[in-house]
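J.: build the 3D model from these lines:
(one chain, ligands or ions: 3)
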Amino acid sequence: MIDILKGVNLYLIGMMGVGKTTVGKLLAEEIGYRFVDTDEVIVKAAGKSINEIFAENGEAEFRQLEGDVLAQVCAYTKLVVATGGGIVIRQQNWSYLHHGLIIWLDAPIQIILQRLAADDTRPLLQDADMESKLRSLLEQRQPMYSQADLHITISATETPEEIATRILATIPSILKQQ
Ligand SMILES: Nc1ncnc2c1ncn2[C@@H]1O[C@H](COP(=O)(O)OP(=O)(O)O)[C@@H](O)[C@H]1O
Ligand SMILES: O=C(O)C1=C[C@@H](OP(=O)(O)O)[C@@H](O)[C@H](O)C1
Ligand SMILES: [Mg+2]
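T.: Ligands and ions are numbered 1, 2, ... in the order given. This next block holds a predicted model:
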């Protein structure tokens, strides 16, 4: 796997709660890559939480920081990058994502709802009607997520380890197509 990837970065995209951060760490361990989470880099650089950035600086500034972080990490190789779910909405981010292999983790809304029902760290989901909010975000973003090189649909019972294994098993076939 390491040989055929030739150091190319893996970028995980997809909705909040699909498991980009969780699965990304496992993928990196498995293939001996370093793991980067764009949200973690932003939080460290800003010295405040994602909630605080959204509340105090606004979403537009968060998106600017997110794009800046992506541009910086693209200079490195051998990375698994877990992105934030909204990274796909800026067209210019795609020029960076396309430096590597883009993997869309996709899960039914019901799975995401279960996972994030008690979560208060995603400012965009602090809405009385979380399900409608998720549906409208997905509707808006789906055409962009579908530009990924690899589409992985997750079932309710699949563990992060199983998902990472499935991704790694599928990568050789997409590399051949490119
Ligand atoms: N395959 C899985 N099965 C069960 N729970 C999961 C799975 N993947 C992630 N989770 C849980 O779902 C929540 C969101 O996962 P996270 O990796 O933060 O998603 P994302 O980075 O895509 O927003 C976390 O509580 C995590 O532990
Ligand atoms: O979908 C989004 O717009 C967001 C997703 C979050 O990351 P995760 O996808 O890792 O939850 C985080 O970047 C921020 O709360 C905004
Ligand atoms: Mg994440």
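
J.: now name the helix or strand holding the residue sitting furthest away from the middle of the chain.
T.: Centroid-distance maximum for the chain: residue 128 at 24.5 Å, with C-alpha atoms, centre = their mean. Taking DSSP states H and E as the definition, residue 128 sits outside all helices and strands.

J.: can you tell me which strand in this protein is longest?
T.: Longest strand in the chain, counting residues (DSSP state E): strand 101-106.

J.: dihedrals phi and psi, the residue farthest from the centre of the chain?
T.: phi -60, psi -40 (degrees, to the nearest 10).

J.: any idea how far it is from ligand 3?
T.: Residue 128 sits 23 Å away from ligand 3, going by C-beta to the ion, to the nearest Å. Using the backbone N, CA and C atoms, a C-beta is placed for each residue, glycine as well.

J.: would you agree residue 12 falls within a helix?
T.: No. Checked against DSSP: H, G, I helix; E, B strand; the rest coil, residue 12 lies outside a helix; its state is strand.

J.: who's in contact with the nearest residue to it once chain neighbours are set aside?
T.: Among residues not flanking residue 12 along the chain, residue 20 sits closest, at 4.1 Å (C-beta to C-beta, 6 or more residues apart in numbering). The neighbours of residue 20, taking C-beta atoms under 8 Å, 6 or more residues apart in numbering as the test, are 12, 13, 14, 82, 83, 85, 105.
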